[in-house]
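> requesting a structural model of the entry that follows:
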Amino acid sequence: MNARKMNARAIIVGAPRSGSGKTSVTIGLLRAMKRRGIAVRGAKSGPDYIDPGFHAEATGRDGVNLDSWAMPPGLLSALAADAARDAEAVVIESAMGLFDGIPAAAGRSGAAADLARLYGLPVLLVLDVSGQSQTAAAVAKGFASYDPAVRIAGVVLNRLGSERHRRLAGEAIEALGIPVVGGVARDPSLTLPERHLGLVQAGEHEDIDAYIDRLADAMERSIDIDRVLGLMTPLAPVGGDHTAALPPPGQRIALADDAAFSFLYPHVANHWRRMGAEIVPFSPLTDEAPDASSDVCWLPGGYPELHAGRLAAARTFRAGLRGFAAAKPVHGECGGFMVMGEGLVDAEGTRHEMLGLLGHATGFAKRKMNLGYRQARLKADCALGPAGTAVRGHEFHYAQVIDAGADDPLAEIADGQGNALGASGGRRGHVSGTFFHAIARVE
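Purely as a prediction, here's the structure:
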């Protein structure tokens, strides 16, 4: 394989459900391939903003999201081509189960299976076989026959209890003509730590590099890496373009970036840079203010609820952002939106004063998961675009609005199937914010 010839080969790592171990398998495979001197890149189907960080740590190359619902086909193919351009191998990790998406037009469900059909990519199926043996063959057969356009090229057995367990499950699957390319023993020490929005972020994991090396060691012991490489097929999208990408909100963008604010999709930041914008990071948790010479300030999502006390006490950050917002645009997504309100009530019921740039307040005392694709139409000009712009994205949070305030709404939103959900977010002066994470514009 030769990256200079732009002939990257790819495979999708899929599973029947979340929690099957595909993230650990993917990260371990990525690092194992990098050890071999292969220029490898990770990708994630769907709107996950944590796993691409682990992919980047494992490979030394930016991760990318490939979302068949939120991204128009042209942008999807452009990002797939970008991933393949400077890589020899691309490993695409499925979100949830391989076929899990939403009812939508053909190829636009958000499922990883859409990518398999669109680009003719093989699937490496990770099966958690704990509590079963030959029954795993029935699951594999179901996946192999469910959709003729989605090819199950190989299986990795995960959470094996013994060599006998491996033999019983593996022989039953191979009798169907489906190769078993590996079997990973049950090992709780390889489980990635989680919190309420999913995995703990890569940047917060203690000694992340050593941890990824342990995953790679386990995959090298358990999986035939050469066979996996041999299963890959060319990833060569055609006809892609970036016209639906979110344009940079300014030439110089002050971006909050630390453990409280980190949920910015890699393709968004990369497109801003591609268009010539400069991103100037700052850390609210270390009491830094946004760069005053920037044109716009962006507060992405993250975990501000875990750091609410520090944010409330960060005087330089608070004064600096308030001064910035008096003259220039400021936009907050999800966690950023929460911090821009009057107050945040943490899970213990303690209220912390936030920036007060918008009038709402949020809380975690009564948690309720809000999860799903969103389509928004902007009601006013803001950092996301001019009034009337339609944007697709995603919402995932447990916080609730406990005081709506009196600000004008930022957008009218609908779910992934077009069902109206009403007004969302808020705007006041130069300030805008919403729980909605923007992924791409609607063409």
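> secondary structure class for residue 159?
With DSSP: H, G, I helix; E, B strand; the rest coil as the basis, the three-state label of residue 159 is strand.
> how far away is it from residue 187?
With distances taken as C-beta to C-beta, to the nearest Å, residue 159 is found 8 Å from residue 187. Using the backbone N, CA and C atoms, a C-beta is placed for each residue, glycine as well.
> what does residue 353 give?
Residue 353 sits 45 Å away from residue 187, taking C-beta to C-beta as the criterion.
> also residue 232?
For residue 232 relative to residue 187 (C-beta to C-beta), the value is 26 Å.
> next: residue 142.
Distance from residue 142 to residue 187, by C-beta to C-beta: 27 Å.
> ditto for residue 250
In terms of C-beta to C-beta, residue 250 sits 47 Å off from residue 187.
> so between those two, which is more surrounded?
The neighbour count for residue 250 versus residue 187, taken as other C-beta atoms under 10 Å, is higher for residue 250 (18 against 13).
> list the contacts for the closest residue to the more buried one other than its chain neighbours?
Among residues not flanking residue 250 along the chain, residue 295 sits closest, at 3.1 Å (C-beta to C-beta, 6 or more residues apart in numbering). Neighbouring residues of residue 295 by C-beta atoms under 8 Å, 6 or more residues apart in numbering: 249-253, 328-329.
> swap in 7 Å and give it another go.
Listed by C-beta atoms under 7 Å, 6 or more residues apart in numbering, the contact set of residue 295 reads 250-252, 328.
> residue 160 now?
Contacts of residue 160 by C-beta under 7 Å, 6+ apart are 129, 166, 183-186.
> mark which of the contacts of residue 295 are buried, thanks.
Among those, those classed as buried by 16 or more other C-beta atoms under 10 Å are 250, 328.
> dig out what the closest residue to residue 21 other than its chain neighbours forms beta bridges with.
Of all residues not flanking residue 21 in the chain, residue 158 sits nearest, at 4.2 Å (C-beta to C-beta, 6+ apart). For residue 158, the beta-bridge partners are residue 128, residue 184 (DSSP bridges).
> I'd say residue 158 and residue 128 touch.
Yes: under the criterion of C-beta atoms under 7 Å, residue 158 makes contact with residue 128 at 5.1 Å.
> okay, and the common contacts of the two?
Jointly contacting residue 158 and residue 128 under the rule C-beta under 7 Å, 6+ apart are 20-21.
> what's the neighbour count on residue 256?
So residue 256, with other C-beta under 10 Å, has 27 neighbours.
> mind checking pLDDT for it?
You'll see residue 256 listed with a pLDDT of 98.
> show me the contacts for the residue nearest to it when sequence neighbours are not counted.
Among residues not flanking residue 256 along the chain, residue 299 sits closest, at 4.6 Å (C-beta to C-beta, 6+ apart). Applying C-beta under 7 Å, 6+ apart, we find residue 299 in contact with 256, 261, 332, 336, 339-340.
> across the sheet, point out what pairs with residue 299.
Counting by DSSP bridges, the residues bridging with residue 299 are residue 332.
> the helices in the stretch 251-400 of the chain, which residues?
Here the stretch 251-400 of the chain has its helices, by DSSP state H, counting those that start in this stretch, at 266-274, 308-313, 315-325, 335-340.
> what ranges in the chain fall below the confidence cut-off?
Residues of the chain meeting the criterion pLDDT under 70: 1-6, 192-206, 367-368.
> need the residue closest to the centroid of it.
Nearest to the mean C-alpha position of the chain, by C-alpha atoms, centre = their mean, lies residue 48 at 2.0 Å.
> residue contacts, residue 305?
Counting by C-beta under 7 Å, 6+ apart, residue 305 has contacts 344, 346, 364, 399.
> just the buried residues out of these, in PyMOL syntax.
In PyMOL syntax, the buried subset of the contacts of residue 305 is picked out as below (16+ other C-beta under 10 Å):
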select buried, resi 344+346+364+399
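> looking at the contacts of residue 305, which are in strands?
Among these, DSSP state E puts residue 344 in strands.
> and of the contacts of residue 305, the nearest to residue 43?
residue 399 (28.9 Å; C-beta to C-beta).
> the closest residue to residue 366 other than its chain neighbours and residue 441, how far apart?
Spatial nearest neighbour of residue 366, excluding adjacent residues (C-beta to C-beta, 6+ apart): residue 400 at 6.2 Å. Residue 400 sits 29 Å away from residue 441, going by C-beta to C-beta.
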